[in-house]
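# Below are the sequence and a predicted model; questions follow.
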Amino acid sequence: MTPELFFLLSSVLFSIGLVGLVARRNLFVLYMSIELMLSSVNLLLATFSKVLGDASGSVIALLMIAVIAAEVALFLALIIHMYRSSRTIDSDTFDRLKGQIND
Amino acid sequence: MIEQLILALPMAIVVIGAFVLMLLSKSTRFNLDKLNLLAVLFLAIAFIMQYFTLGNHTIAFLFPDVFGESFILDDFSTIFDMMFTGGAILTLLVNNDYIKSRQYYSTEYFTLILFSVFGMIMLSHAHELVTAFIALEIASLSIYALAGYHKNNKVSSEAMMKYMVLGSMSSAFFMLGTALIYGVVGSTSLTEIALYTSSHTIDEMTLLIVGASFIMVTIMFKIGAVPFHSWVVDVYHGAPYPVTMFMASTFKIAIFAIALRLYLVNFAPINSFWTEMLQVITILTLLGGSWLAISQKLVKRMLAGSSIVHSGYLLIALSSIGLGSELAAPAIMFYLLAYFLSAVGSFGILSFISVHSKKQMSYEDFKGFAERRPYMALMMSIFMFSLAGFPSTIGFLGKFYIFSAAIESGQILLAGLGIMTAFISVYYYFKLIAMMYFYPSQTPQKKLTINVSTVLIAVMALLVIWGGIGTSLIPFIPGADGFIDIAKQAMSSLK
Amino acid sequence: MLEISIFSILALFMLGGSIAMLVNKQTLFSAFGFLVAMIGLAGMFALLDSRFLALAQIMVSVGAVVVLSMLTILTINAKEENLPHEPNKYKWIAFASLLVLPITLLIYKSTSALYASFATMQTINSKVVGKLLFSEWVLPFEIVSILLLSAMVGAIVIARKDVVQTQGEES
Amino acid sequence: MISLIVVLPFLSALLMGVVYLSNTQKKRNTFYTLVGVGTPAVSAVLSLMAGAELLQGAQTIHYTLFQWVNIGEFNIEVAFMADRLSVVMVAFITVIGTLIHIYAAGYMKEDAAYGKFFAYFNLFMGSMLLLVLADNPIMMFVGWELVGLSSYLLIGFYHHDSANITAANKAFILNRVGDFGFIMAISLLFVSLEGNGFTFDSIEANIGLINHEMLALIGTLLFVGAMGKSAQIPLYVWLPDAMAGPTPVSALIHAATMVTAGVYMVARYSFLYGEIPNIGLFIASVGAASALFAALIASYQSDIKKILAYSTMSQLGYMFIAVGLGAYSSGIFHVFTHAFFKALLFMGAGAVIIALHHEQNIFKMGGLKKELKLVYITMFVATLAISGIPPFAGFFSKDAILVAAFASEHYFIWGVGSLTAMLTAFYMFRLLFLVFHAAPKSTHRLHSVPNSMTYPLVILACGSATAGFLGLNEAYGGGSWFNTFLALPDVSHHIPHATEYMLGGLNVILGVLGMGLAYKMFAKEATEVKADTLFKKILMNKFYIDELYDFLIIKPLLFTSHFIAKVIDPKIFDGFINLNVWGYTATATLFSKLQNGKVRYYALYILAGVSAMSCYMLFKLGVL
Amino acid sequence: MMQHILTFIIFIPLFTAIVLGIMRASTKSLKIGAMFSSVITLFLVAVVAYNFNPDIGMQFTKNLPWIQNAGISYIIGVDYLSLVILLLIGLLMPPLYIYMYHEERKGYWYNMMLLQTGVTGAVLSLDLVLFYLFWETMLLPIFVMIGKYGNGMHQYNSMKILLMTILGSMSMLFSILYIGYIYFETTGMWSFALSDLAIIAFEPKTSIWLAAGFLLAFAIKIPLVGFHTWMAPAYGSAPTPAVVILSAIMAKLGIYGIWRFGYGLFESTLSYYAPTIIVLALIGLIYYAIRAITENNLRKMFAYSSGSHLSLIALGLFLTNIYAWSGSLYFIATHALASAGMFLMIGLTYKRFNTVHISDLGGIASKAPIFTFFFAFFALSIAGLPGTGGFVAELLIIIGAFKADFWIGVLTATTMLSAMMYIFWMLQRTLFGAANKECQYSDLTLREITILLPLVVLLLVTGIVPSLFIPLFEPQLTTTLQDVLFVIGGLK
């Protein structure tokens, strides 16, 4: 058992999160992608914790879970609000602000 | 112990203020005016206390026995604190009329502002990456919420959505970087990191460099460097004026607090690695920012685009630091001061105007402004001069320093490009002046309103001028030299 | 060997879950994928001897976050036609994957180059975490509470249905 | 004292100008007449006194008014020098000038801008005197230019008619072309003298410092100046048009004084031209060509003043023949005599024009010898003089020139000169016969001619008749007093008296021949010439020189100007700038198109940025 | 008092403007205040000129540290060169204010006062950054005046002049910063004082780039051919007081800049650029003149005329001999007077006939003789007629040109022809010919004559007795020139 696999896994997860962020238009998926990215960092931290034999990494990951929770609160509120005001969760429909705006 | 408590007090007051305001939110006895005053009161006390701690820091860390070395106390952070609290005070006071004219403002507005100020203060004091990250998140999350404060406005909501999605994305990079650095150093304390970087060669620090670079991505994102800039214009546009003002001036500066600390101290040995990357980003930022700014029709969007350009100037200095310029660090500090004053002023005027008009101010709307409100127009011109780097304003001295630093570090081309973009910026800033002055007004002259907002804007305008031409020959009043001294003092305390 | 196989299974779950999250059109299916990935992550934490973390992951991420999001999804109950129509989804995914490749490689290569083996350490249980949390990490821990508070305030502000309805107001 | 000669007219011009401008409506004819005619008279007296002083043996009179410029070695004073040459010039300029002023007082008396006229007139007098009395080339140039200016003002005196202004412009511009040569010449002269003073005296003393090529160049350029002022080929076209001015102006400026400035200048620089005989020959050739050319044109003109103008040009040609060939005294002598009879002719013509209600076409005149008896007689004298009939002044001066040409063995020039003499007699008598003898064409009552206009005619007629005797040379039993007095460095060739008599006789014969021809053709009955043959057509259109200038210079200039305005400035210079601006804004627009409002694109940009950074790090750090 | 006199001269107008602005003065008190400030500055300028010692260099100097951290100091002083322009500014402002007497728009007056401070400061400052400050400051009022009070496409044109000028200023700023850095590198201190910087020896290659930065700014301001497309539109659109200052003072500051900073900092490098600039100047001399011939707008015509003559001045400056130099300096003064007069006349024309287009004018001479006299006088003095100062200057430059090179001399002498080509045809079409019946002809009023008469007298005095003025600048000009020649010669 080597840490290499963990590293690989977490980097792949991080990347999947990034891809989801770029490729999808569903606000929920966007939000989950971000959570996935942060979670993959948690995995990385836990791995380091074990690699270094230092519990601090895990503590950081713990704090990070709290941060994720905070973001979740805001994100869910956002999604609800966006859906409520526009009846859609398609991020592409929110494009009133762009390059040159005349109004 | 008491001494330490006193030093911690400004921060504590801000957060206590946030709590108090939060608790008062359901009380009917407090209207917006009073809440505003209360918030300003808290911030003002914090500001004054920060002012008095300036220059006599006998201890380096707050409660080292409890917090370890995660909360640093130095002039650098204190000066930043003063800018944050000052910026928040100005935001609140200048926009007093504005928020009263909009019905959607409620008490949470003040709470969120105070929370974000708290986050920024933490950010500038943080001497530990996780603390810094959390502080950044506090500030960011509050501002995400603030950006979408006008919820009935789809544009505002959209801005919030964009800001939140992209901001969280960039935060993930910060966290990733932190994790990687933790993996290398075994600690996230900046002290340890500095120790590590100074005792290893660049070749040994591959992972640390990767981690630090991911942290830099976040910083670049927050200051709006190209290609991480795309949110800036839209979010500045969508957010309500007070929030835009707060973001453009205060929050942007907060990012530099951590960026400079990391860059100048902890990552100093690996700076040289970044030089080329930074230069490319700088060039892109300067060009992209001015491209964006020049093609806008709304003044707010133009200012947003130009704020990207200003980040570009700061990046010039940042890369000069890596090349060993001695001027660059105080230059950044001074430029931040200059930009702070000018941006607060210009956005303040925009929001002041918007008190009575409900639409976004485009260039066209400024036609005849000088006839309607001659004093406002004059002050707006002063801020535009300063942003354009016209001499006799503080903006000129800021650019002067930045470009001197670039030349000192041998980045002639960057300095040249900077001057070119400054030239282009003259176009879009002076276009506004032209609109204000060159066209007759359709509506008659408005009466001169003297209230807190206008007085503060006038004070800002005077400071902008005084910071550019003020001389220290006049006793008791520090001139431009005073500002530079502050910048130098901040930087020298960093080492 | 056991660890490897557990790891493999968990990793498969996680990858499968996250890919499901990535490609599914139905939001609820995506959320299920995400749930699977999160549970897998908890397993991974356990595998890495961070029991407290695993617990926290189950409780917070799975128990609170994902469930909350599912609740939200169900509350919104977006109909088929309200979901985004994404004709070029896979093209985008392919393109983004291509762009993401260097980042993945960079993280993976640079980390794995540095560490090839685990250190032997005791299991990180709540005692260890608690000790650390209240000694070394007390400041971040303190301010995380403020973060949560501010996020709460923010969420309330955003999600609250406003009494005042002034449509058409710009800026 | 001699400074007063110059300064007085200027002051009076200033005075009258101010008085005139203070109230243009008010008639103050007495005041203007008093000041305007008085000052030249005072100048005349003063210059005669100066002449007397010189006659008593004084060499030159110098007077420095003040320092003008003193920079480096360029040390110029406003100083006057009355040597024999300049005194002669000054004397006849002031005397004849005074007469013309008197005449003008009559001629212009009904003009509303009487005061302005005299202000200009005195300005001209001052300038001309400055030119003549100048002690250094710079001051001479100042006078030279001011003469041009006042000429411009006077030609354009009737400014409501745009054609007159065109004529004035033409005069000034062609003069300025000459000045262009002049100023180059004096600059070169100064530069090549390397700071050995810049008065005429010191130039003469140091002329040896300059190499021969440079001298030739300077001489040529100086002569370009003279061409402009003295209306020689190719810069003569302004002179006929300049007749648009009032007749006294034509008399004073375009006959007696200004146009002779070129001759005076060459004589002034005689020490220089003495070193470069080739250039002298060139001058003589141009003079000869101009003389013949002008005479030919004059023979086919119908405007009385234009005929006289061409005749002036022709006579100036003679003078240049003289000075070119080194016979400076003869040249100046001809200037002197010519001043009398040409002024007289113009004034007579003016009287005729006034009498005929401003009719200038000679074919519409006729039979005036009874009505304008005095005018007829005086003009007859003048015509005889200009035709070179002894003993009138013209004979002696012209003869001297032709003799000099013959003696210097430039027979071709001599031949041209003689032919021109015949033509001169022809066209002058053609004029005389058509105006006074031929049958009257109109029955209008004649306009009365005031006395102030006729008395000067008489005085000038006396001068025309007798002035020649001043320069009577040994062959005719005189002592060449004029030449002796001038003491110019003439190139002398001794030829036998017999040859001189022969040449003189030939001249008389040619003159009489021309006169006879004119009598035969025009005395009784004459019809206007028609441009029926090519030759006539060319002559009547003055060899199409105006058109040539128009085609070669004016059209290209205007075209270039339009081309710059339409193409170079907007398309090239501004075009370059606008292209840059366009390129920049186009890029900016493209760039802001990237800002398409969709959040995933924004994420994509960030991802691309991070990805690029990662690539860079992958390679730079050697992770791969 | 004496050591602060220049400071007063610079700041009195600005101070007046600020005080009046704060007091929210009425138009009338604004007028009086502006007039008063201009008269006081004129008096102070006269005091300076009276106490000026032509035999020593910088005088009345004042050196104060300003922004010490950046090595920027407040150094002002006057020498032969600045004195000439200072006198011009002092002399021109009161007549301009009298000209503007009926102007009721307050912005006019404020801008003019600011403008005066700008140009005076630029002329007197001896610190590069201070100079840059004033250099930019003087652009602002022009920008506003053209844009706000101009005519035609004034908004566009004012933006054009602003941007083109600032392009130059930015390049100059770059050079200034670089020079400061070089000084820092060699001495370890920051300083932008001209006297400090003059002692550093630049590397030739660097020096070429640095000089280019300065020259670009000045070439645009002059403007040399190729940098000129802002000129005609700006002059065409600008209101009369602005155009007078533009042509009479600001364009000269381009020359002044080369003289002071170009020759003060990189004598030898300028000789590297001299051929190019001489060629440009010669082209400009003829190009602008030809362009002016068919120009229908009087303002634009004299804009081109200004360009032509400023090219001549620039030419004289780069010929580096005593005649050309003193000619250039003299021309700065006389051309300023003449063009000021000319543009004032054009302004008066506009007031009367509501047009500055030649094709709409004509026949003024028969109706308004005094007007005609002044108009023609200024036009002719621009053409360099003897008796006016312009002639002396042109003569000196031509002599200098011939001293330098025969062909340069020949081309320079064409100035005799070039000005005349457009001026006389213009006079013919505007003043003479048949009167246009639609125009309301009225002759100059006494107030207008008082504006113009001093200019006429000055032009005549400078033309007739130049020796009154030459001793003011000749000794130091010679010394400076010798220094320059020594450096150039020392390198060869």
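Ah, there it is.
# Just list what the longest strand along chain D packs against, helices and strands only.
Ranked by residue count, the top strand of chain D under DSSP state E comes out as strand D:61-71. For strand D:61-71, the elements it packs on are helix D:2-22, helix D:29-55, strand D:74-82, helix E:322-353, helix E:389-404, helix E:470-491, judged by 3 or more CB pairs under 8 Å, 6 or more residues apart in numbering or on different chains; DSSP states H and E. C-beta: built from backbone N, CA, C; applies to glycine.
# For the ones you listed, state which one has the densest average packing.
Highest mean neighbour count of those: helix E:389-404, a mean of 28 (counted as mean count of other CB atoms under 10 Å in any protein chain shown).
# can you tell if that helix touches chain D?
Yes - interface with chain D: helix E:389-404 contributes E:391, E:392, E:395, E:396, E:398, E:399, E:401, E:402, E:403 (CB under 8 Å from any CB of the partner chain).
# Next, the contact list for the residue lying closest to residue D:286 once chain neighbours are set aside, please.
For residue D:286, ignoring the flanking residues on the chain, the nearest one in space by CB to CB, 6 or more residues apart in numbering or on different chains is residue D:232 at 5.4 Å. Contacts for residue D:232 (CB atoms under 8 Å, 6 or more residues apart in numbering or on different chains) come out as D:226, D:262, D:286, D:287, D:290, D:313, D:316, D:317, D:320.
# how many other residues sit next to the third one?
Under the neighbour criterion other CB atoms under 10 Å in any protein chain shown, residue D:286 is assigned a count of 20.
# Would you quantify the distance from residue B:418 to residue B:318?
12 Å (CB to CB, to the nearest Å).
# ok, now residue D:220?
Taking CB to CB as the measure, residue D:220 falls 70 Å from residue B:318.
# Please list the outside residues in contact with stretch E:409-425.
So stretch E:409-425 is in contact with D:152, D:169, D:172-173, D:176-177, D:179-180, D:183-184, D:187-188, D:191, D:557, E:282, E:285-286, E:289-290, E:292-293, E:295, E:301, E:304-305, E:308-309, E:312, E:315, E:379-380, E:382-384, E:394, E:397-398, E:401-403, going by CB under 8 Å, 6+ apart.
# quick one: which of residue D:220 and residue B:318 has more around it?
Neighbour totals were compared for residue D:220 and residue B:318, and residue B:318 leads with 31 against 17 (other CB under 10 Å).
# Pretty sure that one sits against residue B:329.
No - at 9.2 Å, residue B:318 and residue B:329 do not qualify as touching, with contact defined as CB atoms under 8 Å.
# Any stretches of the stretch 451-600 of chain D with poor pLDDT?
Within the stretch 451-600 of chain D, the set of residues satisfying pLDDT under 70 comprises D:477-479, D:523-532.
# Do a quick rundown of the helices in it.
Using DSSP state H, counting those that start in this stretch, the helices found in the stretch 451-600 of chain D span residues D:451-466, D:481-486, D:497-522, D:534-540, D:545-549, D:555-563, D:574-594, D:599-620.
# Closest one of the contacts of residue D:232 to chain A?
Closest approach to chain A among these (CB to the nearest CB): residue D:226, at 70.2 Å.
# ok, for the closest one, nearest residue in space, not its chain neighbours?
Ranked by CB to CB, 6+ apart and with sequence neighbours excluded, the top spatial neighbour of residue D:226 is residue D:262, at 3.1 Å.
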